[in-house]
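got a predicted model here, sequence first, then my questions.
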Amino acid sequence: NFTYNYSCVKAFELWGSNNPSRDGSWEGWTKIGAFNSFKPSGTPVGTLTAEDIAYGYTNGEDFEMPFTPPAYRYIRFKTTETWAVGANQVTISELSFWGEF
């Protein structure tokens, strides 16, 4: 069970672009927002309550955009923190985008 543990994403940013740089740099990207995963119990990493499991594992976690961004052809996901301190990898199970952009 990786929920709120190991290399799961704790904090991330979303960036959008219609004309990204070919060299992989951040030139041409616009930051859409910064987001943080929420652990209901607030217990230390490695400890899960029934509420944590229901919120983050069973139901999944939703992140709402703070505004309506312009339409972007490309989305870039940037992990800024994982639940494990010093992790050198990231675990993502699913990303779904809903709404009109």
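Arrived safely, thanks for sending.

in the chain, which residue is closest to the centre?
For the chain, residue 12 is the residue whose C-alpha lies nearest the centre (Cα atoms, centre = their mean; 4.5 Å).

double-check that that one belongs to a strand.
Yes - residue state for residue 12 (DSSP: H, G, I helix; E, B strand; the rest coil) corresponds to a strand.

how many other residues sit next to the closest residue to it other than its chain neighbours?
Closest residue in space to residue 12, ignoring its immediate chain neighbours: residue 79 at 5.1 Å, by Cβ to Cβ, 6 or more residues apart in numbering. (Each C-beta comes from the backbone N, C-alpha and C, glycine too.) For residue 79, the neighbour count with other Cβ atoms under 10 Å is 17.

whichever helix or strand residue 79 is part of pairs with which strands, parallel or anti?
Taking DSSP states H and E as the definition, residue 79 sits inside strand 74-82. Neighbouring strands of strand 74-82 in its sheet, by DSSP bridges, are strand 9-17 (antiparallel).

same question for the strand holding residue 79: list its buried residues.
With burial defined by 16 or more other Cβ atoms under 10 Å, the residues of strand 74-82 counted as buried are 76, 79, 82.

what does that strand contact?
Applying Cβ atoms under 8 Å, 6 or more residues apart in numbering, the contact partners of strand 74-82 are 6-18, 20, 29, 32, 34, 90, 92, 95, 97.

which parts of the chain are helices?
Assigned by DSSP state H, the chain shows helices spanning 50-52.

coming back round to it: looking at the buried residues of strand 74-82, which is nearest residue 38?
Checking those against residue 38 with Cβ to Cβ, the nearest one is residue 82 at 14.9 Å.

quick check: the gap between the closest one and residue 44.
Noted for residue 82: a distance of 15 Å to residue 44, by Cβ to Cβ, to the nearest Å.

same check on residue 70?
Counting by Cβ to Cβ, the separation of residue 70 from residue 44 is 40 Å.
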